[in-house]
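quick one: sequence and predicted model below, then my questions.
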Amino acid sequence: MCGIIGVENNENAAVLASAGMVTLQHRGEESAGITISGKEKMKTFTAMGLVSKIFNEDILLNKLSGTAAIGHVRYTTSAKSSLTNAQPFQMACIHGNIAVAHNGNITNFPKIKHELLKKGAIFNHTSDTEILLHLIAMSKGNLADIVASSMCKLEGAFSIVILRSKLLIGARDEHGFRPLVLGKIDNSYIIASESAAIEVIGGTYIRDIKPGEVILIENGKIQKSFLYKQSKKQNTCIFEQVYFSRPDSVMFGQTVKEARVKMGQFLALQMKDIKADIVMPVPDTGYFAALGFARASNILFENGFVRNHYVGRSFIKPSQNLRDVTARLKLRPIKEVVSGKEIILIDDSIVRGTTSKRLINLLKEYGVKKVHFAVSCPPVIGSCYYGIDTPDKEDLIAANNSVEKIRKYLEVDSLTFLSLENLVKSCSYGDKKDDVFCKSCFTGKYFTKISKNTYKEGC
């Protein structure tokens, strides 16, 4: 995961980009950066930490003056969290100064990097994103065709924004693994990872950028839009709606919030014979699924945890030790809510199982009588090669244990996973019947070439 945004034809491009990045902060908390151009020479400013801490008024108004900007918030899918890999990346080449920001994982990165090194390319970063700059720099022709031909060489998941002077380019891989949307504010176009980032800054969401589409925008006009490559089937990551995307973002014709409410309603149908005193979520991503469950089951909804909002998302920390510390700080049960109660506890997923076990043990310390654990997605049995930090298969609890063994490990009275069929129904909208989702982490079946050497460290 990561979050990207691009703004063009606006005197406040850096301010709008930073505000959009704050909205996308949930997609990456390790580093952030903005590239600005359109007035003076292109400049890139990156730093470690949260957007609000990095981009103060002085930097935005005085040091990042321009009319076009791209921004990036980073979440590494490896432990290589460093300023060196903070994006956007900027390069001076035959085509001028160009900057790129990327969300996803280019799975054939090692192969392409080796080929580029043989041609004399010098790499300044260890992130897979940099190869796109080198491919562009070594190509001849107009920039639109160069970007298209460069992306044809890439495999895996990649939603990308590129900046050259006042020209903003957005592009998405032919499978559409990662989201990318188009919006507008006044006479300026915006490209972002999620619709919420556009709407928060006062813009209007127009549409999704299509899988395989390249779009060029300059001076408030779409100069060109075309499909550089088209897959037989769209495969947008369904885990976006389960966990990563903001509840107020729109995906496939509905808000992510509505998809999560449906997940809870389907869980209630699957668990119709289980009785309890209350339904409660694991904050924050379990909230709307628990609300949907309560509505469908007529069991009282309660918030039984206090969530510390000064602690980041534990799933996206780069090491298990940091995840453990974050999880302990993040949640504390409210004793008067949970003590002596039979509860239905709803979380978005179980990956390693360690955090879930810790929370359940904590609830028992606070006097919970029974715990029925419900999960708003199927068991995660496959590692992700498209930009989400699921561990290797041997570390996935559901890949190596039956549901009953997991239940015993967690020491809960029952354990229910949302069925894959019901998850797809939840994430679809209206009469749309096509299955447009990547479900590889739930099926172990992948849509690109995967081997033991496939690169999975991501942007």
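All right, it came through fine. Numbering: from 1, shown residues only.

which secondary element of this protein has the worst mean pLDDT?
Lowest by mean pLDDT, DSSP states H and E among the helices and strands of the chain is helix 320-330, with a mean of 67.

following it, which helix or strand comes up?
Following helix 320-330 in sequence order, the next helix or strand is strand 331-333 (DSSP states H and E).

so which bits of that following strand are buried?
331, 333 (16 or more other Cβ atoms under 10 Å). Where C-beta positions appear, they are placed from N, C-alpha and C, glycine not excepted.

what does that strand contact?
Contact with strand 331-333 is made by 282-283, 304-308, 359, 362-363, 366, 368, as judged by Cβ atoms under 8 Å, 6 or more residues apart in numbering.

and for the residue lying closest to residue 361 once chain neighbours are set aside, the neighbour number?
Nearest residue to residue 361, sequence neighbours excluded (Cβ to Cβ, 6 or more residues apart in numbering): residue 411, at 7.6 Å. Residue neighbour count, defined by other Cβ atoms under 10 Å, stands at 12 for residue 411.

what's the answer for the one 4 residues further on, then?
Residue crowding around residue 415 was assessed by other Cβ under 10 Å; the count is 21.

could you do the one 4 residues further on as well?
Using other Cβ under 10 Å, the number of residues around residue 419 comes to 16.

the chain should start at 45 in everything you say after this.
Will do, 45 is the new start, and the previous item becomes residue 463.

hey, what's residue 459 bridged with?
The partner list for residue 459 in beta bridges (DSSP bridges) reads residue 417.

contacting residues for it?
416-417, 419, 447-448, 450-451.

scan those residues and report the most crowded one.
Most neighbours among those, by other Cβ under 10 Å: residue 419, with 27 neighbours.

pretty sure residue 218 is touching residue 276, no?
No. Look at residue 218 against residue 276 with Cβ atoms under 8 Å: they stay out of range, at 9.5 Å.

neighbour count: those two, which is higher?
Taking neighbours as other Cβ under 10 Å, residue 218 and residue 276 compare with residue 218 leading, 23 against 7.

any idea how far residue 429 is from residue 149?
6 Å (Cβ to Cβ, to the nearest Å).

distance of residue 250 from residue 383?
Relative to residue 383, and taking Cβ to Cβ, residue 250 is found at 50 Å.

ranges for the helices of the stretch 245-394 of the chain?
283, 300-314, 331-341, 364-374, 379-382 (DSSP state H, counting those that start in this stretch).

would a markdown table of these with mean neighbour count and distance to residue 180 be doable?
As requested, the helices of the stretch 245-394 of the chain are arranged in a markdown table below (neighbours: other Cβ atoms under 10 Å; distance: least, Cβ to Cβ, whole Å):
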| stretch | mean neighbour count | distance to residue 180 |
| --- | --- | --- |
| helix 283 | 27 | 30 |
| helix 300-314 | 23 | 33 |
| helix 331-341 | 24 | 41 |
| helix 364-374 | 16 | 35 |
| helix 379-382 | 16 | 56 |
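
would you turn the ones you listed into TSV with distance to residue 205?
Below are those laid out as TSV (distance: least, Cβ to Cβ, whole Å):
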stretch	distance to residue 205
helix 283	22
helix 300-314	22
helix 331-341	29
helix 364-374	29
helix 379-382	44
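
continuing past the lengthiest strand in the chain, what's the next helix or strand?
Counting residues, the longest strand in the chain under DSSP state E turns out to be strand 140-150. Counting by DSSP H and E, the element after strand 140-150 in chain order, helix or strand, is helix 153-162.

ok, residue 200 - how many residues close by?
Neighbour count for residue 200, taken as other Cβ under 10 Å: 26.

wait, what's in contact with it?
148-153, 217, 221, 429-430, 492, 499.

kindly report the same for residue 438.
residue 444.

same check on residue 414?
Taking Cβ under 8 Å, 6+ apart, we find residue 414 in contact with 320, 386-387, 457.

now, these that are in strands?
Among the contacts of residue 414, the members found in strands (DSSP E) are 386-387.

for my notes, confirm residue 485 occurs in a helix.
Yes. Applying DSSP: H, G, I helix; E, B strand; the rest coil, one finds residue 485 inside a helix.

so what's it up against?
Counting by Cβ under 8 Å, 6+ apart, residue 485 touches 283, 424-428, 432, 434.
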